[in-house]
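Novice: predicted model and sequence follow; I will ask about them next.
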Amino acid sequence: MQAVRRWAQQLVVVGTDSPDVTAWRWEARRVQVAACLVALALLGYAVVLLADPFPRAATVAVDDVGQLLAAASAAVCCVVAARGAPAGRIRRAWLLLAAGTGAWAAGEGVWSYYEVLAGRAAPFPSLADVGFLAFPVLASAALLVLPAGGDLPVSRARDLLDGLIIAGSLLVLTWATSLGAVLDAGGPTRLSVALGLAYPLGDVVVITLVLLVIGRATADRRGVLALVAVGLVALAGADSAFVYLTSTASYASGTVSDLGWVAGFALVALAGVLAATPAPPASAGQARVPSWRRLGLPYLPLLLAATVVAGQLLAGRGPPPGPQIMLGLGLIAVVLGRQFLTLADNRRLLVELRAEREHARHLALHDPLTGLPNRALFYDRVAHALSLRSRDATAASGAATTSVMFCDLDDFKTVNDRLGHAAGDALLVAVAGRLRASLRPADTVARLGGDEFAVLIEQPVEPPPQVAARLVDAMTAPLILAGTELAVSISIGLATAIPVAEEALDADALLQRADAAMYAAKRQGKATWVIHDPRPHGNDNRITLARHQNRLTPLGHAARPAPLGRSPNQTGAAAGSRGLAPDR
């Protein structure tokens with residue numbers, strides 16, 4: 001009833017003007033009416049069994065016919081649910097459950113014939129047992145057919161160990177209730193003993209699968225499966241009570257334990273009605289997190305089994321029999337294996353989480369196209385290099401320790417316009433590879449965005465202008481992109497932090513100088529490099545750019561440099577300063 005109520009309350013969150021919502025609300029009322037009728041029928045049936053207001057023959061007839069109608073109704077409702085289910089595993093599960101409840105109804109028909117029409121007790125074994133024992137087999141098959149919750153090997157291993165824990169715990173419970181009594185009572189034939197054992201063992205299998213399925217069920221099927229699960233548990237409980245009372249020669253039709261069969265089939269029938277009813281759309285996009293009930297579900301039967309065994313010991317019934325002791329030792333081993341699997345799974349999750357965090361950190365600090373450091377990481381490394389330079393005692397020697405180059409592809413927009421953005425991306429990747437191949441592993445190459453790259457050189461082993469010349473020369477080899485041969489060139493602006501004289505220089509200022517030098521190289525004809533000289537020319541405090549021999553060129557009077565390799569005198573040019581703010 002609670003599952004039905006929660007299902008009906010979901011309709012409140014949907015708008016009231018939709019025709020589908022009106023249909024859903026009508027169907028919800030039908031389900032609630034069916035649930036109320038089932039509750040009233042169960043109440044009347046319980047009153048008949050408890051109060052016993054009729055003669056004995058009438059009570060037995062009401063009992064047998066009630067069980068037959070309940071099982072037949074469950075079979076019909078399961079068929080209806082199968083017809084409304086999409087083709088696949090869910091439909092096959094409902095059909096198997098319908099076959100199981102139908103087989104039980106057939107067995108109850110045989111049983112009722114003996115007790116109601118023939119007026120005598122049903123023999124044991126009889127044809128009725130065929131239908132009764134077919135039910136747990138078909139019900140187990142239906143539960144196995146349902147889609148599983150996880151396909152990972154660790155998920156399958158976890159389900160296996162959980163099933164062993166549940167099954168072992170239930171075997172301990174059934175041994176203390178019905179299974180032990182059956183073995184102690186024995187029987188006239190081996191067949192009767194085997195059938196007597198088949199009932200509790202079949203119930204153990206069914207309840208084990210029920211607990212596993214309900215634990216891994218998704219939210220959209222949990223309400224229906226909860227009704228089926230409770231119904232199957234009620235049926236198993238009635239079976240266990242029947243076997244125990246029969247083994248002690250105290251069972252008679254019309255006892256209170258028969259209520260479990262009627263209630264169980266009534267809940268299965270109600271689940272079929274609910275499954276055949278359209279449900280409101282479920283919310284999407286939410287990750288499924290296992291609840292504490294799901295995590296603790298396998299240990300509930302274990303706790304019950306331990307409680308029963310402890311109660312037997314406290315009651316002075318002596319030590320448990322050998323099979324119970326063996327089952328207990330087996331349960332301890334399985335529980336230890338389950339805990340080891342949990343530890344292994346947690347370790348795997350921690351490793352995956354660490355890898356994902358490292359990957360996210362890499363994506364946050366690197367360009368996704370070229371794999372180079374991005375603007376934020378480059379700025380951080382420049383700032384770190386300058387801080388080390390200011391603390392380094394060797395800086396007093398006058399050796400340049402930190403240089404920055406801004407590199408810009410020439411005519412990159414033309415490539416995008418002519419060949420498309422895919423070719424432009426391929427060009428950027430190729431340029432990034434050439435820059436990396438032309439530098440030391442200790443140097444930093446970054447992509448700042450678009451067609452702009454940057455290089456950080458710390459503690460250089462060769463003059464930075466020579467490195468800049470090598471980078472310009474590395475781009476001269478043509479590239480073939482989209483079937484077209486391209487001549488690639490690059491313009492570079494170089495800025496070097498002068499030790500001692502500029503101890504207060506920060507990363508922003510150094511990057512600004514390299515940026516200004518790069519734009520000066522662009523204006524001088526591209527495919528070249530320009531050095532930024534921070535020293536003022538005369539009384540002019542504006543930025544000036546110098547040749548690499550450090551002969552100053554007045555601002556605005558620089559000559560156009562010769563192409564790289566034709567003249568050792570690379571002339572600088574003045575440029576307006578454009579600030580570079582870190583993209584942090």
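Specialist: Yep, it's here.

Novice: show me where pLDDT drops low in the stretch 101-250 of the chain?
Specialist: Residue ranges of the stretch 101-250 of the chain with pLDDT under 70: 147-155, 177-188, 216-221.

Novice: typed the wrong thing, it's the stretch 251-400 of the chain
Specialist: Those would be 277-291, 293-294, 317-320, 390-400, if you go by pLDDT under 70 across the stretch 251-400 of the chain.

Novice: quick one: the helices in the stretch 451-584 of the chain, in order.
Specialist: Ranges of helices in the stretch 451-584 of the chain, per DSSP state H, counting those that start in this stretch, are 464-474, 507-523.

Novice: for the longest one, packing partners?
Specialist: Spelled out, that is helix 507-523. helix 375-391, strand 402-409, strand 490-497, strand 529-533, strand 544-546 (3 or more Cβ pairs under 8 Å, 6 or more residues apart in numbering; DSSP states H and E). Quick note: C-beta positions are derived from backbone N, CA and C, even for glycine.

Novice: if we use 10 Å, what do you get?
Specialist: helix 375-391, strand 402-409, strand 452-458, helix 464-474, strand 490-497, strand 529-533, strand 544-546 (3 or more Cβ pairs under 10 Å, 6 or more residues apart in numbering; DSSP states H and E).

Novice: show me what the third one is packed up against.
Specialist: Spelled out, it's strand 452-458. Using 3+ Cβ pairs under 10 Å, 6+ apart, strand 452-458 is in contact with helix 375-391, strand 402-409, helix 421-437, strand 444-449, helix 464-474, strand 490-497, helix 507-523.

Novice: quick check: angle from the first one to strand 490-497?
Specialist: Relative orientation of helix 375-391 versus strand 490-497 (axes from the mean of the first three to the mean of the last three Cα atoms, to 10 degrees): 30 degrees.

Novice: with the fourth one instead?
Specialist: For strand 444-449 and strand 490-497, the angle between their directions (the same axes, to 10 degrees) works out to 120 degrees.

Novice: if we can go back for a sec, so which of the helices and strands packed on helix 507-523 is nearest Ala360?
Specialist: Closest to Ala360 of these is helix 375-391 (Cβ to Cβ; 13.8 Å).

Novice: didn't Asn416 look like it was pressed against Asp451?
Specialist: Yes. Asn416 is within contact range of Asp451, at 9.2 Å (criterion: Cβ atoms under 10 Å).

Novice: these two: which is more packed in?
Specialist: Asp451 (20 against 15; other Cβ atoms under 10 Å).

Novice: and the pLDDT at the more buried one?
Specialist: Among the per-residue scores, Asp451 holds a pLDDT of 92.

Novice: correct me if wrong: it contacts Leu369.
Specialist: No. Contact between Asp451 and Leu369 fails when scored by Cβ under 10 Å: they sit 11.4 Å apart.

Novice: and for those two, which residues touch both?
Specialist: Residues touching both Asp451 and Leu369 (Cβ atoms under 10 Å, 6 or more residues apart in numbering) are Gly424, Leu428.

Novice: hmm, back to that, turn the helices and strands packed on strand 452-458 into JSON lines, including mean neighbour count and distance to Leu127.
Specialist: Converted to JSON lines, these look like this (neighbours: other Cβ atoms under 10 Å; distance: least, Cβ to Cβ, whole Å):
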{"stretch": "helix 375-391", "mean neighbour count": "18", "distance to Leu127": "79"}
{"stretch": "strand 402-409", "mean neighbour count": "25", "distance to Leu127": "88"}
{"stretch": "helix 421-437", "mean neighbour count": "17", "distance to Leu127": "75"}
{"stretch": "strand 444-449", "mean neighbour count": "22", "distance to Leu127": "81"}
{"stretch": "helix 464-474", "mean neighbour count": "20", "distance to Leu127": "91"}
{"stretch": "strand 490-497", "mean neighbour count": "26", "distance to Leu127": "92"}
{"stretch": "helix 507-523", "mean neighbour count": "23", "distance to Leu127": "91"}
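
Novice: Leu95: which of these is closest?
Specialist: Short answer: helix 421-437, nearest of these by Cβ to Cβ, at 52.4 Å.

Novice: what angle do that closest one and strand 402-409 make?
Specialist: 150 degrees.

Novice: how about residues contacting helix 421-437?
Specialist: 367, 369-372, 405, 407, 409, 412-420, 443, 445-447, 450-451, 453-455, 471, 474-475, 477, 479-484, 486, 488, 490.

Novice: just stretch 37-45 next, same as before
Specialist: 1, 4, 62-63, 66-67, 69-70, 73, 258-259, 262-263, 266-267, 269-270, 273.

Novice: do stretch 476-487 as well
Specialist: With Cβ under 10 Å, 6+ apart as the test, stretch 476-487 has contacts from 410-411, 414-415, 418-420, 422-427, 430-431, 434, 475, 488-490, 527, 564-565.

Novice: give me the phi and psi angles of Leu235.
Specialist: The phi/psi pair for Leu235 (degrees, to the nearest 10) reads phi -60, psi -40.

Novice: cool, the one 4 residues further on as well?
Specialist: With angles defined as degrees, to the nearest 10, Asp239 sits at phi -60, psi -40.

Novice: that one is in contact with Phe132, isn't it?
Specialist: Yes. Contact criterion Cβ under 10 Å: Asp239 and Phe132 qualify, at 8.0 Å.

Novice: list the residues that contact both of those two?
Specialist: Tyr199, Gly202.

Novice: ok, longest helix in the protein?
Specialist: helix 322-365 (DSSP state H).

Novice: next, the angle from that one to strand 444-449.
Specialist: 80 degrees.

Novice: quick one: distance of helix 322-365 to the chain centre.
Specialist: Centroid separation for helix 322-365 versus its chain: 16 Å, with Cα atoms, centre = their mean, to the nearest Å.

Novice: counting by contacts, list what that helix packs against.
Specialist: By 3+ Cβ pairs under 10 Å, 6+ apart, helix 322-365 packs against helix 153-174, helix 180-185, helix 299-314, helix 375-391.

Novice: among the ones you listed, which is the most enclosed?
Specialist: Sort those by mean neighbour count, taking mean count of other Cβ atoms under 10 Å, and helix 153-174 sits at the top with a mean of 20.

Novice: name the element Gly100 belongs to?
Specialist: Using DSSP states H and E, Gly100 maps to helix 89-112.

Novice: got a ChimeraX select line for the buried ones in the contacts of helix 421-437?
Specialist: Entered in ChimeraX, the line below selects the buried ones among the contacts of helix 421-437, by 16 or more other Cβ atoms under 10 Å:
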select :367,370,372,405,407,409,412,415,419,443,445,446,447,451,453,454,455,471,474,475,479,481,486,488,490
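
Novice: residues in contact with stretch 50-57?
Specialist: Applying Cβ under 10 Å, 6+ apart, the set of residues contacting stretch 50-57 is 47-48, 58-62, 115-116, 119, 252-254, 256, 259.

Novice: which of the residues you listed tops the neighbour count?
Specialist: Leu259 (22 neighbours).

Novice: any idea whether that one is helix, strand or coil?
Specialist: helix (DSSP: H, G, I helix; E, B strand; the rest coil).

Novice: also Phe242?
Specialist: Assigned by three-state DSSP, the conformation of Phe242 is helix.

Novice: neighbours of Gly84, how many?
Specialist: 14.

Novice: picking up where we left off before, CSV for the helices and strands packed on helix 507-523, including distance to Leu209?
Specialist: Below are those laid out as CSV (distance: least, Cβ to Cβ, whole Å):
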stretch, distance to Leu209
helix 375-391, 54
strand 402-409, 65
strand 452-458, 62
helix 464-474, 67
strand 490-497, 68
strand 529-533, 74
strand 544-546, 80
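
Novice: which ones are touching the residue nearest to Leu127 when sequence neighbours are not counted?
Specialist: Leaving aside its chain neighbours, Leu127 sits nearest to Val110 (4.9 Å; criterion: Cβ to Cβ, 6 or more residues apart in numbering). When contacts are counted by Cβ under 10 Å, 6+ apart, Val110 touches Ala122, Ser126, Leu127, Ala128, Asp129, Val130, Gly131, Phe132.

Novice: hmm, try it at 7 Å
Specialist: By Cβ atoms under 7 Å, 6 or more residues apart in numbering, the contact list for Val110 reads Ser126, Leu127, Ala128, Gly131.
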